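Enquirer: Give me a 3D structure for the following:
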Amino acid sequence: MVKVLVIGLDAAEPSLIEEWQDQLPNIGRIMREGVYARMRSSDPPQSVPAWNCLCTGKNPGKIGVYDFFYRESSTYRIRVVNSTIVRTPNVWKILSTKGKRVVIIGVPTTFPPEEVNGIMVCGLPLPVTEGKPVSNYTYPSELSNEIDKIVEGYEYAVSFNIPENFVVSDLSWATSTLAHDKKEGGLSRAEEKQLLIAKHLLQSSDWDYFMVVFRELDRVGHFMWKYMDKSHPQFEDQPPLREAIKRVYIRMDEIIGELLRLVGNDTIVLLVSDHGFGPLHRRFYVNEFLQRIGMLRLKRSKSVQVRLAQKLRFGAPEIMQILLNLRLHWIVRLVPNRFRQMVRSIDQFEGNLRNIDWAKTKAYSYGEIGRVFLNVKGREPHGIVEPGGEYDRVRDFIVQSLGALTDPASGSRIVDRVFKREEIYSGEFTEEAPDLLFYMDGLRCIASTRLGYRSLFDNESLTNGTHRPYGIFMAYGNSIRKGASVNLGICDIVPTILHIMGIPIPDDMDGTPIVDILEPDSEMARRPVAYEKPVRGGEKVFQWSPEEERKLEEQLRGLGYLG
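Expert: Predicted structure coming up:
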């Protein structure tokens, strides 16, 4: 009976792997002896929704997840996603119902853990304090005790207490990979512990399908791209940091080798990334733009506060940067939380929800990349845009206004493409999608939802790398056709896995099985592709506590997901 091992490398960039493959012996062997292709990600190419598309075979309109954040129904409150927001069955649910044993480790949007026929260790977003989960993070729940013993305390993501040995230039507080006293590079302690868990469960558990996601390439890319990329406008030639990204790729290659040595010849290995990666130069303040074209209006009192911050250029990021430069960052811990929230609310959109004059607001933005929502009557609680003709006119006006934007440096048009939601999404949850999604300057410029800035564009000061629309796909093992040339998208992974494992494919999936990766004379290739009616998703509902949600927002901001 064939088994499938999926190794997820969040943000693995095809061009870097192709350039460095001689220094990545395990990845290089898979590329030579198996199948390698660039794989089109989701729209937008962001960890959420991309991993959900990869794990369900469907576009976000059938999943109900478009970003790390969503608007709570009947309110304007912005909430952090969790596993119960994923409203369609994923691959481990389908396999579990078919009696297959599964092990799932570190996949985003799996908290709270769901019941599976096997094991689940949850991934981002996961509420943590000092890197330690604050809630149950495994199924079955008692597994967490076993894991804590194996790794001497499970850790996830980053710590939010900035260490005393903080060095501004290398941002070691934001990604433990890059701690300034670490000479050799490699993975963070949290990722190394995840590797230990994966190796332990590969050997000790009974499984048919095993999936583990490592996120370190994403973290190092967000913070270290400018030290590697000489064409980056913020390039800094610092020898200790120049090869930080390459060192993580090399360590990930070693990990792949370690995992491959633990599986048998009956296992087909898939190596995938949710998206690629590239440089980030600037931010575009989309809500400021919407204010200027008359689509968003603040209440008068808040408008004065925001404009004062605009004049002084004195928002939360500037306050933090001043403290960091003066080595006074520890002061932040002494400030009561309600005052910290007050400072953040000066410019953060989610802190300004009650200060927006919704009776005069036609459009707004939250989340990342470039998303615009219309304030639609009957959909939003205080919507004013009438569905139909007015909706179309307002949306077209915003599209035209975006199209007229020019690069302040070159004077050329900066918006690459504006999508109307029906152009890229389909399904029962399309009504929850952004009304517009836009990309700028080849994603070297992405949107920020902050308010109160003098210009629409600003150099990005915290992160210097971000996502790209093509990730990687590799397949390796018996029955895999060496050197096959394939063209695939992120929704094709699950149908391919199900076909390989002899499981009928739900007929509502958007992806199709990529049978061209299989040896033509293999049983898998000869077997007809089977379809069946879809399995329904779970109906459970979960909400974060206010403290958990605050920590998750800090976590996502620290990882470079919020502007």
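Enquirer: Could you point out the helix or strand that follows the worst-scoring helix or strand of the chain on mean pLDDT?
Expert: Lowest mean confidence among the helices and strands of the chain (mean pLDDT, DSSP states H and E): helix 337-344, at a mean of 46. Once the chain leaves helix 337-344, the next helix or strand it forms, by DSSP states H and E, is strand 363-364.
Enquirer: what residues does that next one touch?
Expert: Defining contact as C-beta atoms under 8 Å, 6 or more residues apart in numbering, one finds that strand 363-364 is touched by 287, 290, 295-296, 349, 356, 372-375, 385, 394, 398, 435. Glycine gets a C-beta too; all of them are placed from N, C-alpha and C.
Enquirer: immediately after the host helix or strand of residue 70, which helix or strand?
Expert: Under the criterion of DSSP H and E, residue 70 resides in strand 69-71. The helix or strand immediately downstream of strand 69-71 is strand 78-80, counting by DSSP H and E.
Enquirer: and the next helix-or-strand element following that next one, what does it pack onto?
Expert: Using DSSP H and E, the next helix or strand after strand 78-80 towards the C-terminus is helix 91-97. Helix 91-97 makes packing contacts with helix 47-56, strand 102-105, strand 118-121, strand 209-214, helix 493-500 when contacts are defined by 3 or more C-beta pairs under 8 Å, 6 or more residues apart in numbering; DSSP states H and E.
Enquirer: what's the angle from the fourth one to helix 47-56?
Expert: Relative orientation of strand 209-214 versus helix 47-56 (axes from the mean of the first three to the mean of the last three C-alpha atoms, to 10 degrees): 170 degrees.
Enquirer: okay, the angle between strand 209-214 and helix 493-500?
Expert: Going by the same axes, to 10 degrees, strand 209-214 makes 150 degrees with helix 493-500.
Enquirer: counting contacts, what elements does the helix or strand following strand 209-214 pack onto?
Expert: The helix or strand immediately downstream of strand 209-214 is helix 216-228, counting by DSSP H and E. If you count contacts as 3+ C-beta pairs under 8 Å, 6+ apart, helix 216-228 packs onto helix 239-242, helix 244-260, strand 276-279, strand 465-468.
Enquirer: switch to 10 Å and redo it
Expert: Contacts defined by 3 or more C-beta pairs under 10 Å, 6 or more residues apart in numbering; DSSP states H and E place helix 216-228 against strand 3-9, helix 14-20, helix 189-204, helix 239-242, helix 244-260, strand 276-279, strand 465-468, helix 546-558.
Enquirer: which stretch among those comes nearest residue 527?
Expert: strand 3-9 (15.4 Å; C-beta to C-beta).
Enquirer: any chance of the helices and strands packed on helix 91-97 in TSV, plus mean neighbour count, distance to residue 409 and mean pLDDT?
Expert: As requested, these are arranged in TSV below (neighbours: other C-beta atoms under 10 Å; distance: least, C-beta to C-beta, whole Å; pLDDT from 0 to 100):
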stretch	mean neighbour count	distance to residue 409	mean pLDDT
helix 47-56	29	29	97
strand 102-105	24	44	98
strand 118-121	25	45	97
strand 209-214	26	36	97
helix 493-500	25	39	98
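Enquirer: Tabulate those (a markdown table), appending distance to residue 135.
Expert: Converted to a markdown table, those look like this (distance: least, C-beta to C-beta, whole Å):
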| stretch | distance to residue 135 |
| --- | --- |
| helix 47-56 | 19 |
| strand 102-105 | 17 |
| strand 118-121 | 13 |
| strand 209-214 | 19 |
| helix 493-500 | 28 |
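Enquirer: Out of those, flag the one nearest residue 94.
Expert: Here helix 493-500 is closest among those (C-beta to C-beta), at 6.9 Å.
Enquirer: mind listing what residue 239 touches?
Expert: Contacts for residue 239 (C-beta atoms under 10 Å, 6 or more residues apart in numbering) come out as residue 227.
Enquirer: Need the per-residue pLDDT for it.
Expert: The model reports residue 239 with a pLDDT of 84.
Enquirer: going forward can the numbers begin at 857, since that is how I track them
Expert: Okay, using 857 as the starting number, the last item reads as residue 1095.
Enquirer: quick one: the residue lying closest to residue 1260 once chain neighbours are set aside and residue 1303, what's the gap?
Expert: Leaving aside its sequence neighbours, residue 1260 sits nearest to residue 1269 (C-beta to C-beta, 6 or more residues apart in numbering; 7.8 Å). Going from residue 1269 to residue 1303 by C-beta to C-beta, to the nearest Å gives 16 Å.
Enquirer: what's the answer for residue 1077, then?
Expert: 19 Å.
Enquirer: what does residue 900 give?
Expert: Separation of residue 900 from residue 1303 (C-beta to C-beta): 10 Å.
Enquirer: joint contacts of the two?
Expert: Joint contacts of residue 900 and residue 1303 (C-beta under 10 Å, 6+ apart) are 1223, 1224, 1225, 1226, 1227, 1293, 1294, 1295.
Enquirer: For the nearest residue to the fifth one once chain neighbours are set aside, the count of nearby residues, please.
Expert: Of all residues not flanking residue 1227 in the chain, residue 1290 sits nearest, at 3.8 Å (C-beta to C-beta, 6+ apart). Residue 1290 has 24 neighbours, counted by other C-beta atoms under 10 Å.
Enquirer: Quick check, pLDDT for residue 1290.
Expert: The confidence metric pLDDT takes the value 97 at residue 1290.
Enquirer: And the one 4 residues further on, by the same measure?
Expert: As predicted, residue 1294 sits at a pLDDT of 98.
Enquirer: Bridging across strands, which residues link to it?
Expert: Beta bridges link residue 1294 to residue 1274 when assigned by DSSP bridges.
Enquirer: Would you confirm that it contacts residue 1258?
Expert: Yes: with contact defined as C-beta atoms under 10 Å, residue 1294 and residue 1258 form a contacting pair (5.6 Å).
Enquirer: Now the common contact residues for the two.
Expert: 1140, 1142, 1226, 1228, 1271, 1273, 1274.
Enquirer: Can you get me a residue count around residue 880?
Expert: Residue 880 has 22 nearby residues by other C-beta under 10 Å.
Enquirer: ah, wrong one, I meant residue 998
Expert: Counted with other C-beta under 10 Å, the neighbours of residue 998 add up to 9.
Enquirer: again, but for residue 949
Expert: 22.
Enquirer: ranges for the strands of the stretch 1307-1419 of the chain?
Expert: Along the stretch 1307-1419 of the chain, the segments classed as strands by DSSP state E, counting those that start in this stretch run 1313-1315, 1321-1324, 1326-1332, 1344-1345, 1361-1362, 1387-1388.
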